[in-house]
Each structure stands twice: as C-alpha cells, then as structure tokens.
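> got a predicted model here, sequence first, then my questions.
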Amino acid sequence: MNTRLMRPLRSMFGSLSSVRGQLTLVVVLTTAIALLTMTAALLHRDLTEYRQTQASDLGIEAGIIALVTAPAVAFDDRNAVQRNLTALGSRPVVQAAALYSADGALYARYVRDGATPPPQRLARGAQALRIADGRLEVTHDIRRDGEYLGMLLLSAGYDPWAHVRAYVGVLCVMMLLSLGLALLLAAGLRRRITDPVESLAAVANDIITRRDASLRAPPAALEEFAVVVNAFNRVLDDSADQTRALRESENLYRAIGESIDYGVWVCDAAGRCIYASDSFLKLLGITQAQCSNLGWHEALHPDEIDATKAAWQECVRTGGIWYREHRFLGADRRYHPILAQGVPMRGEAGRITGWAGINLDIARLKKTEMALRRADRRKDDFLATLAHELRNPLAPIRHAARLLGTPVLDAAQAQMARDIISRQVARMALLLDDLLEVSRITRGRLELRKERVSLAALVKAAVETSKPLIDSKRHEFTMHLPAEPVELLVDPLRMSQALSNLLTNAAKYTDAGGRIHREVRCLPHHVEFSVRDSGIGLPPAQIPIVFDMFSQVDSPIDRSEGGLGIGLALVKGLVSLHGGSVEAASEGPGKGSVFTMHVPAAQLRDAVAAAHIPASSGRPPVSAPGRVLVVDDNQDAATTLAMVLRYYGHTVFTAHDGETALRTGDQEEPDAIILDIGMPEMNGYEVAQRVRRTTWGNDVLLLALTGWGQKEDIDRALRSGFDAHLTKPADPERIKGLLEEFMAQRNETGNEPARTFP
C-alpha cells in the first residue's frame, strides 16, 4: 500500500536526485525556513520583552527597598531591615531577598519556602542583573548622602518556557497549512521549469553513453533556459576544438620536458614518483611503474642510496626544496652524474600536493670541475717547483758572494765565484723570461716578427743554446738536416726558442750518458722537426697532457733539472702562433720519447744569401765614457749597478727616489739615466716625463730598468719618454752596449743622436 502511494507522489514531485525533487524540496524547505525564522524572531522579541519587563519591575522594587532601608542600615537597625525584607513575602514573584553590609557580609535576608537562599557574601560591584537556574537576580547599591552602606539582592522566579510552548503550538498549525500550499505550487511550476532541464540532462546522458558529440539539446521556451540551452550547444560545438588544443598542449609540454637533458619528474604529496620523462627512464632502463616503486633509488650509486633516501624523506616531511647531485647507473652500465632540482606544489589552501622538478645532465660540469681541480693541483705543484727552482740558483749565488767577501780568495777563485753568480743569474732570468712568454701567449699578447731565415741557422742557434746542458750530462748528440738550403718565414727568435726547449727538455729527462737525435725533414707543405731521446719516457696517461701548463712527468723532487713544467707549454704556444703543431710519442716509461714539431714553410731550393740569423744592423759600439745617473729605490741594486758601470769607465751618480733624481740631474746634467719604474711617491714614468721637460734632459739617454716586462709596460715606457726598456735582471753587457752606442753617436754628431734603441 505504501508503494502504491509513493509512485504517484514520486511522479508528481520527482525523486530527491531529480530536478523536480530538488525544486520541491527547495520550496518546502524555503517555506519551513521562513516560518521557523519568523517564529524564532517573534519568540526572541517576546522573550526579550518579557525579561526586560521582569528585570525592570524587579529593579524598581529593589530601588524602593534600598531607599527605604537606607536609614535603618545607617543606624544599624537590623530589626527594621529584616521587617522590610520580610514584607517582600507579599510579592509571589520574589523568592529571596538579602542585604549585605559595606564589607560584603550578609546583614539580613528573606527566603521563601523551597527557594534557593542567597550567598553569605557578595562583593561590591557585583553584576547588577543575572539570570541563572530559573531565577532572575537584581542588585542595587544602598547609599545615603553619597555614602556607600551596602548592597541589596532580590531574586525572582523566571520561566520563559511557558511562552515557548505557546509559540510551538501556533507554529505547528501554520507549518502544516504552509507546506500544503507549497507542495501545490511546486507541482504547478514543475512543467515550465523542470521539463527543459530534464531534456538537457537527457541529451547530456546520451552523449556520455553513446559518445555521440553530434547530439544537441532542443530549444527551450523560457528565456533563461534558452540561454542555457544555447550555451550548452555552443560548448558542444567548441569541445572538439578544445580537445585538440589540449592534446597539442600536452604534446608541447612533453616536448619541453624531453628537451631538458633528462626531462622532468613529478611526485605526489607522499613523495612517490608518479611521472618521469622518457629520457630519464631510457637512461636507467626502467619503466614508469618501476620508477614509481622506488626503482630510481635502486639505480643510485651504492655509496649514495642511504643518504639520498634519508634526504628525500626529510624533504617530504618538511616540504622543502629538493636539490641534490646523484650518480645513476645507466642502462649502459656506466654511472651518470645528474643534478635533480624540484620544488613543492601547493593547492589553494597552501597544502603541499606534490613536487615537480627536472633532472639535469652535469657530466660536462663534473669533467670541468675535475679539470679545475687538476689545474689547481698543478698550480700548487708549480708554486712549489717555482720556489725550488728559484732557491737552487740562490744557494750558489749566496755562497759565491760570501767567498768574494773573504780576504784570502785568489784571482782564480774570485773569477770562479763571479762566473757562478753570472751563470745562476742568467738561469733565473731565463726562468722569468719563460714565465712571461707563456703569460703573453695565453693572453694573446705575444706578437711575432716574422722574416725569412735559414733553416740551418735556426737549428744551429737552438743547438748552441742547449749544448752546455747536453755536454754537462755527457749525452751522445746527433743531428740530421736536409741537404738543400731551406728558408722559413718565421720569427727567428721565437722559433729558435721552441727548438731549443725541445732539446733542453730531452737533455733534462735523459740520464747522464744518454742519446739525443735531432732530425729535420722537408715535406711538401711543412717542415718537420723531431727530437728523439733515450730518456725516462712517458706513461700513456701523460701524453695527452704533457703540453699543458705546469705539467710534470716526475715529481720535481726526483730530478734536479725538473723545471717548472712550462717549457713544453711554451713550445706548443710558439708553434701554434706560427700555424703549426707539436706532438709527443713514447713507448712507455724508460723507453725514451719523441717530440715532433710541424711548421709551415716556404721552401726555396735556390741559393740563399746567408745561413744564419741576421745580426743587429747597428754600428759596432765604440767605447766612450759618460756621466750616468742610476735611480732605484733598492739601494743594493743601485749600488751594484753603479759599481759595474764605474768598472766600465763611466762616471756614476745614484739616487733612490724621484725628487732626489731630479735634483741630481739638475746639478750633474748626466748623459744617461738608468731609471727604475716601481718607486714610491713618484714612479719612473713620472720622473721620465719631468726629465724630458728640462733643458738638460731633452737629449739624455733614458733607460727603463724594471721588473715589469709585459708589452703594455714597454709601450708605456716608450710613451713616457724612455729610449729603451730593460727587464730585470738586465745583462750588464746589454747596458754597456747601449751606453757605448749612444755615446759614440753623440761624439760623432756632436748633438742629440737619432734614437734607434729597442
């Protein structure tokens, strides 16, 4: 019977899951809510008025009692006070009354049978109105002539539920009548409102079940529903385009992710990998399912698994940023360095919903880092070797200088000491020159001065430079040159230096009594220079880096002639500047080495004018004493140079700062000034410029003698008025030659000579 009754009702009003049912429910609930709201508002207003009326009446009565009892309290007439309180028993609503003295103690009271007695104490300033436990309490101060005497408390019955019960009865009747009318109204509106919605829902259901995007909703009569139907149909029209756009967008983002070395990755809030790019999966040789099940952990290097797991768990726990370098075992069974970076993704509420990041291939970066570390180690080795190489010549120089200071030294011994100092100073100068040459090459500051020069002369000059070391170690030296005369378009000084360095390198790394063979071959497009030795040889790992800066085959402690490791780097730089190349070969340690240079050449088979490097075209120096001013803030340097120049016959003056040099020049009017650049207060450039502005210094010979030897230093010196730039420690014979040439030109012309100095 209940089922037969529910069917027509459901047909009329619809189920709760339908629009009709929801509409009916809305109408019914709206009506009920309106009635309840109205009833609640009226009830609240009535209860408020009831409470205010009760409180007002009780308050007025408390005020009257307080006024009446004030004299009795003032005169401490407890009986009068008690009579006034007991008189309140005539008011049925009053359940209790109490009067408290100024210190809060109970003074007198009245309690109706069955009522709650008042408290024994009441603090001054207690709440004036209080409702609790079905009663209304009011307090009132008792004062006379402004003096506080005590406080009166009245308690009356308070029962608001009588009003509530009356309202509930009225509400039930109104609810039944209103709901009936609401149901009838809902049944009438069903056809006009719900039919278009149900039709729209039916079309949508057909599209979902039948997957037919060509279906459209029928037009609706109501204007509002017509807009909805038109919008629905338009959405259907645009859905295909949007689907295609979404698919293209997904392909785009996937392509962007795959363009990164090893793609992107996404993890959920629990830290589980839910997506990794194909490039990363292919690298490891795993599937997405394996990666999601901690497969990427298993591919880590064994030394990093535990630490990486712990770090990832901490990142998930704290919601931090992920940044870590890993080594993953690839499908090729090699470990690949990868940098993983990721950031947490947060929802609108700020909670972490997952992590997204990228995997970067840092193999090249790691190789660069290793190269920098190797370079740093080589730099440390170089500094240690440089200190060793500088200390080696300093020791014999110190000993020779000490011997020269002893009174018992004979002439032969003194000459030997001087020769030792000269050789060791030359060695230190050569060492510093090599450093400067390498610096110029690496910075691209070295300029070649090419000219046509005889191949035989180049080789001869290189051999002469290296011959003392070869002879001192008793090496067997052989050489083979082309029979026909050949000219090369090269910088003769630099090319001779490169050839000499190869011979010197062979002599250093070949034990005493070894063999060194130099061979030169003329090929169609280049000349090949090779140096073969029977020395210590090269390990295979050393061959690719033997021409690197500061590269050392052995520890510098193992060999007294180890050098700084810049000789071969200098060879490579000089040959490269000429457009050539250099290579090394060895069968292994202890089996000797072969170094080969390839230099482009213009081969001339006709007779050549000369087979030597052209010498300076200047006239032979003529010995002529002059007046020379030596200026250097290093007093030892100035004093020793002055002694050498006096030995050559010149009159020499010294100064140790710029101002003194200018004063001495004004007084002595020297023919030449040898001037240090790096002096305090006034440097050598400033001194030179001021000298050139004087009458006596306009034609004086100015020689810059300094430790600064870069090309820009030389150019600046010439711009400042110097005639020549000499790098410390300068060869005394070079200084002697410049002075003699200058004085010879002056004596010959009787005026300022032409400035042809380098």
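Thanks, I have it.
> middle-most residue in this protein, spatially?
Geometric centre of the chain, nearest residue: Y323, 12.6 Å, by CA atoms, centre = their mean.
> against P589, how distant is N293?
N293 sits at a distance of 51 Å from P589 (criterion: CB to CB, to the nearest Å). (Each C-beta comes from the backbone N, C-alpha and C, glycine too.)
> scratch that, I131
Taking CB to CB, one finds I131 at 107 Å from P589.
> longest helix of this protein?
Identified as the longest helix of the chain according to DSSP state H is helix 19-74.
> secondary structure of V652: a helix, I assume?
No - under DSSP: H, G, I helix; E, B strand; the rest coil, V652 sits outside any helix and is assigned strand.
> I figured it was touching V631, is that so?
No - contact criterion CB atoms under 8 Å: V652 and V631 do not qualify, at 11.3 Å.
> between those two, which one's more packed in?
Legend: neighbour count by other CB atoms under 10 Å for V652 and V631, higher for V631 (25 against 22).
> okay, domains of the protein per the record?
Domain segmentation of the chain under automatic domain parsing yields 1-215, 260-361, 371-446, 449-600, 627-749.
> what about K309, how many neighbours?
Counted by other CB under 10 Å, the residues lying close to K309 total 13.
> do you know the pLDDT at it?
Here the pLDDT value assigned to K309 is 91.
> for R190, same thing?
We have a pLDDT of 62 for R190.
> surely the residue nearest to the centre of the chain is in contact with Q341?
Yes - when contacts are counted by CB under 8 Å, Y323 is listed as touching Q341 (5.4 Å).
> contacts only, for S586.
Counting by CB atoms under 8 Å, 6 or more residues apart in numbering, S586 makes contact with 537-538, 543, 592-594.
> mind giving me the ChimeraX command for buried ones among these?
Buried residues among these (16 or more other CB atoms under 10 Å), as a ChimeraX selection:
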select :537,538,592,593,594
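> how about the domains of the chain in CSV, adding distance to V235?
Below are the domains of the chain laid out as CSV (distance: least, CB to CB, whole Å):
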stretch, distance to V235
domain 1-215, 10
domain 260-361, 25
domain 371-446, 60
domain 449-600, 67
domain 627-749, 75
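> and these, which one averages the lowest pLDDT?
Note on those: lowest mean pLDDT is at domain 371-446, with a mean of 70.
> give me the phi and psi angles of G330.
Backbone geometry at G330, expressed as degrees, to the nearest 10, gives phi -80, psi 170.
> what do you get for the one 4 residues further on?
Dihedral angles phi and psi of R334 (degrees, to the nearest 10) take the values phi -120, psi 150.
> burial count for it?
Counted with other CB under 10 Å, R334 comes out at 10.
> just to revisit the earlier point, so which of the domains of the chain is nearest F232?
Among these, the nearest to F232 by CB to CB is domain 1-215 (6.1 Å).
> residues near the residue lying closest to G271 once chain neighbours are set aside, how many?
Nearest residue to G271, sequence neighbours excluded (CB to CB, 6 or more residues apart in numbering): V316, at 3.8 Å. V316 has 20 neighbours, counted by other CB under 10 Å.
> just the helices in the stretch 51-200 of the chain please.
In the stretch 51-200 of the chain, the segments counted as helices under DSSP state H, counting those that start in this stretch are 78-86, 161-210.
> does anything pack onto the first one? Which helices or strands?
It stands for helix 78-86. Applying 3 or more CB pairs under 8 Å, 6 or more residues apart in numbering; DSSP states H and E, one finds that helix 78-86 contacts helix 19-74, strand 94-101, strand 106-111.
> what angle sits between that helix and strand 106-111?
Angle of helix 78-86 versus strand 106-111, following axes from the mean of the first three to the mean of the last three CA atoms, to 10 degrees, is 30 degrees.
> buried residues, the helix or strand harbouring V459. List them.
Per DSSP states H and E: V459 is located in helix 455-472. Across helix 455-472, burial judged by 16+ other CB under 10 Å covers 455-463, 465-466, 469-470.
> list phi and psi for the residue nearest to the centre of the chain.
Torsion angles at Y323 (phi, psi; degrees, to the nearest 10) stand at phi -150, psi 110.
> and it, how far from A642?
Y323 sits 66 Å away from A642, going by CB to CB.
> swap in G535?
For G535, the distance to A642 (CB to CB) stands at 45 Å.
> look at those two and report which has more neighbours.
Ranked by neighbour count (other CB under 10 Å), G535 and A642 place G535 first, with 23 against 19.
> what are the ranges of the helices in the stretch 651-758 of the chain?
Using DSSP H, counting those that start in this stretch, the helices found in the stretch 651-758 of the chain span residues 658-668, 684-692, 711-719, 732-749.
> tell me the most buried of the ones you listed?
helix 684-692 (a mean of 20; mean count of other CB atoms under 10 Å).
> list the contacts of it.
With CB under 8 Å, 6+ apart as the test, helix 684-692 has contacts from 631, 658, 661-662, 665, 673, 675-679, 697-698, 700, 702, 704, 706, 716-717, 720-722.
> run the angle between it and helix 658-668 for me.
Going by the same axes, to 10 degrees, helix 684-692 makes 30 degrees with helix 658-668.
> list the contacts of L85.
Residues near L85 by CB under 8 Å, 6+ apart: 65, 69, 97-99, 108-110.
> out of the residues you listed, which is nearest to C273?
Among the contacts of L85, A98 lies closest to C273 (CB to CB), at 76.9 Å.
> give the helix, strand or coil label for L488.
Under three-state DSSP, the three-state class of L488 is strand.
> and the helix or strand harbouring L574, what does it pack onto?
Assigned by DSSP H and E, L574 belongs to helix 567-577. Other elements packing on helix 567-577 under the criterion 3+ CB pairs under 8 Å, 6+ apart are helix 411-442, helix 492-508, strand 581-586, strand 593-600.
> just say which of these is most tucked in.
helix 492-508 (a mean of 23).
> let me know the angle separating that helix from strand 581-586.
Computed by the same axes, to 10 degrees, the angle separating helix 492-508 from strand 581-586 equals 10 degrees.
> which elements pack onto helix 492-508?
Against helix 492-508 (3+ CB pairs under 8 Å, 6+ apart) you get strand 451-454, helix 455-472, strand 515-522, strand 526-533, helix 567-577, strand 593-600.
> packing partners for the very next helix or strand once past the longest one?
Read it as helix 455-472. Counting by DSSP H and E, the next helix or strand C-terminal to helix 455-472 is strand 476-480. Here strand 476-480 touches helix 455-472, strand 515-522, going by 3+ CB pairs under 8 Å, 6+ apart.
> in the strand or helix carrying the residue nearest to G271, which residues are buried?
Assigned by DSSP H and E, V316 belongs to helix 305-318. By 16+ other CB under 10 Å, the buried positions in helix 305-318 come out as 308, 312, 315-316.
> please enumerate residues in contact with it?
Under the contact criterion CB under 8 Å, 6+ apart, helix 305-318 has outside partners 270-271, 297-298, 300, 320-322, 324, 326, 355.
> just the buried ones from those?
Burial by neighbour count, 16+ other CB under 10 Å: within the contacts of helix 305-318 this picks out 300, 322, 326, 355.
> which ones are touching the residue nearest to D633 when sequence neighbours are not counted?
Leaving aside its chain neighbours, D633 sits nearest to M679 (4.6 Å; criterion: CB to CB, 6+ apart). Going by CB under 8 Å, 6+ apart, M679 touches 631-633, 657-658, 687.
> which one of the residues you listed is nearest S279?
D633 (65.6 Å).
> where's that closest one relative to A655, distance?
From D633 over to A655 the distance is 9 Å, taken as CB to CB.
> identify the residues contacting S101.
For S101, the contact set (CB under 8 Å, 6+ apart) comprises 73, 107, 149-150.
> again, only this time at 7 Å
107, 150 (CB atoms under 7 Å, 6 or more residues apart in numbering).
> which parts of stretch 525-543 are buried?
Across stretch 525-543, burial judged by 16+ other CB under 10 Å covers 526-527, 529-538, 542.
> I'd like those as TSV, with distance to P482 appended.
Putting the buried residues of stretch 525-543 into TSV (distance: CB to CB, whole Å) gives the following:
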residue	distance to P482
H526	13
V527	8
F529	11
S530	13
V531	16
R532	17
D533	21
S534	24
G535	26
I536	30
G537	28
L538	28
Q542	32
